[in-house]
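Participant: I need the structure of the sequence given here:
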Amino acid sequence: MSRLSIVIAPEPVLKRSAEPIDRVDDEVRRLMDDMLETMRSANGIGLAAPQVGDLRRIIVVDVSLPEDEPRPYRMANPELVWRSDETSTGEEGCLSLPDHYADVKRPARVRVRYRDEDDQTQELEADGILARCIQHEMDHLEGILFVDHISATRRDMILRKLSKTKKQQASAAE
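Facilitator: Numbering: from 1, shown residues only. Purely as a prediction, here's the structure:
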């Protein structure tokens, strides 16, 4: 396994829709494992392939606590097949928008259908932080960031700060 570079907003790849995959093969499994390693090394709980510059419909999620046994989900071509009418608002952050957080309203429970690492169709009903994380990562597959769920003023402020930080880092590297 190897760590991948996480794409930081604003980058065009984060606003593009990802393409479905035909099947989960060894190369896709390797990407899933690399994404999990990358996510964990960045202290994240979810990561979508576009966040590492890959425009395939792949996400990984593990909301287990550090002291607990890991419970990773590797999902290819995930699709929400059901959402609860009940909603929940909670703070979200993103590895592609470091150090920025906002409250986002989402369905409280979801059912997702996906292909697992063995290329088998699975369905998972999730609530709480797992439901929130799955929805957040699936948004990435459509080119949607969590800041797209908040006010335009706040979103623009966050993206300007990130852009300024990237420019400063690029100047310092020269």
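
Participant: all strands of this structure, in order?
Facilitator: Listed from the start of the chain, the chain has strands (DSSP state E) covering 46-48, 58-61, 73-83, 87-94, 97-107, 109-115, 121-127.

Participant: So the residue sitting furthest away from the middle of the chain versus K167, what's the distance?
Facilitator: Of all residues in the chain, E174 has its C-alpha farthest from the mean position, at 30.7 Å, by Cα atoms, centre = their mean. Applying Cβ to Cβ, to the nearest Å, the value for E174 to K167 is 11 Å. Where C-beta positions appear, they are placed from N, C-alpha and C, glycine not excepted.

Participant: Next: F146.
Facilitator: F146 is 23 Å from K167, by Cβ to Cβ.

Participant: more crowded one of the two?
Facilitator: Taking neighbours as other Cβ atoms under 10 Å, F146 and K167 compare with F146 leading, 25 against 10.

Participant: picking that back up, would you list the strands of the chain in JSON lines and tack on distance to E11?
Facilitator: Listed next are those as JSON lines, based on distance: least, Cβ to Cβ, whole Å:
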{"stretch": "strand 46-48", "distance to E11": "13"}
{"stretch": "strand 58-61", "distance to E11": "18"}
{"stretch": "strand 73-83", "distance to E11": "22"}
{"stretch": "strand 87-94", "distance to E11": "12"}
{"stretch": "strand 97-107", "distance to E11": "11"}
{"stretch": "strand 109-115", "distance to E11": "25"}
{"stretch": "strand 121-127", "distance to E11": "28"}
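
Participant: R160 is nearest to which of the ones you listed?
Facilitator: With Cβ to Cβ, the closest approach to R160 among those belongs to strand 97-107: 11.2 Å.

Participant: helices or strands next to that closest one in the packing?
Facilitator: Where contact means 3 or more Cβ pairs under 8 Å, 6 or more residues apart in numbering; DSSP states H and E, strand 97-107 is packed against strand 87-94, helix 128-140, helix 152-173.

Participant: Other residues contacting the first one?
Facilitator: Under the criterion Cβ atoms under 8 Å, 6 or more residues apart in numbering, residues 9, 99-108, 129, 131-132, 136, 145-146 lie in contact with strand 87-94.

Participant: What residues of that strand count as buried?
Facilitator: Buried residues in strand 87-94, defined by neighbour count with 16 or more other Cβ atoms under 10 Å: S88, E92, C94.

Participant: between it and strand 109-115, how big is the angle?
Facilitator: 50 degrees (axes from the mean of the first three to the mean of the last three Cα atoms, to 10 degrees).

Participant: For strand 87-94, the averaged confidence score.
Facilitator: Confidence for strand 87-94, expressed as mean pLDDT, is 97.
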